[in-house]
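Asker: Sequence and computational prediction follow.
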Amino acid sequence: MKSIKLRFVTPKDMEAVLGLIQELAAFEKEPEAVVVSAKDLERDAFGEQPKFSCIVAEKKGVIVGMALFYPRYSTWKGPTLHLEDLIVTQSERGTGIGKALYTAFIAEGKKQEVERIEWVVLDWNSHAIEFYKKSGANVLTDWQTVQMDKAAIGRYLATENENI
């Protein structure tokens, strides 16, 4: 692991970050789902009100992994950090880079003195689930992730506005 450098992302890294996001989407069987661009990522990470932070793993000057996260707030606990994605490029999996990024994310949570860190994992990703359990994480099975995409938001609001 001496040849791996962990650091916070810079604006020039966004093409590589996007490539990792696209690789993760393909792994999760949704390659067409990525609509964000490198410019979007740059704007959202480095604008006046940054929306996320990202730690990258670099090997010989090439970004081979990342952990992208952002602050959340729990009404029961207070400040939390949400790990959106942790990805290591296919050729580097199993080398310890993922664990190093995971540890760096956890350390960032401690540094920020959050009350909790959290993330979601697909139910079919048994390797990741076992890794998380072994690390001491609690994998909840009684909560369901709920999402509404932009189109559904518009439809819902259009319907509700008609009823007002």
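Answerer: Nice, I can see it. Numbers count the residues shown, from 1 in each chain.
Asker: What distance do you get for E108 to E42?
Answerer: Going from E108 to E42 by Cβ to Cβ, to the nearest Å gives 21 Å. (Glycine included, C-beta is placed from N, CA and C.)
Asker: again, but for G98
Answerer: 25 Å.
Asker: do G154 as well
Answerer: 26 Å.
Asker: Between those two, point out the one with more neighbours.
Answerer: E42 (19 against 11; other Cβ atoms under 10 Å).
Asker: which residues sit against the helix or strand hosting that one?
Answerer: Assigned by DSSP states H and E, E42 falls within helix 38-46. Helix 38-46 has contacts (Cβ atoms under 8 Å, 6 or more residues apart in numbering) with 9, 11, 14-15, 17-18, 50-54.
Asker: try it again with 7 Å
Answerer: Counting contacts by Cβ atoms under 7 Å, 6 or more residues apart in numbering, the residues outside helix 38-46 that touch it are 9, 11, 14-15, 17-18, 51-52, 54.
Asker: of these, closest to H82?
Answerer: Nearest to H82, judged by Cβ to Cβ, of the contacts of helix 38-46 is F52 at 9.2 Å.
Asker: Kindly indicate whether the residue lying closest to that closest one once chain neighbours are set aside is helix, strand or coil.
Answerer: Take F52 and drop its neighbours on the chain: the residue closest to it by Cβ to Cβ, 6 or more residues apart in numbering is Y70, 4.2 Å away. Following DSSP: H, G, I helix; E, B strand; the rest coil, Y70 is assigned to strand.
Asker: How much space separates Y70 from W119?
Answerer: 11 Å.
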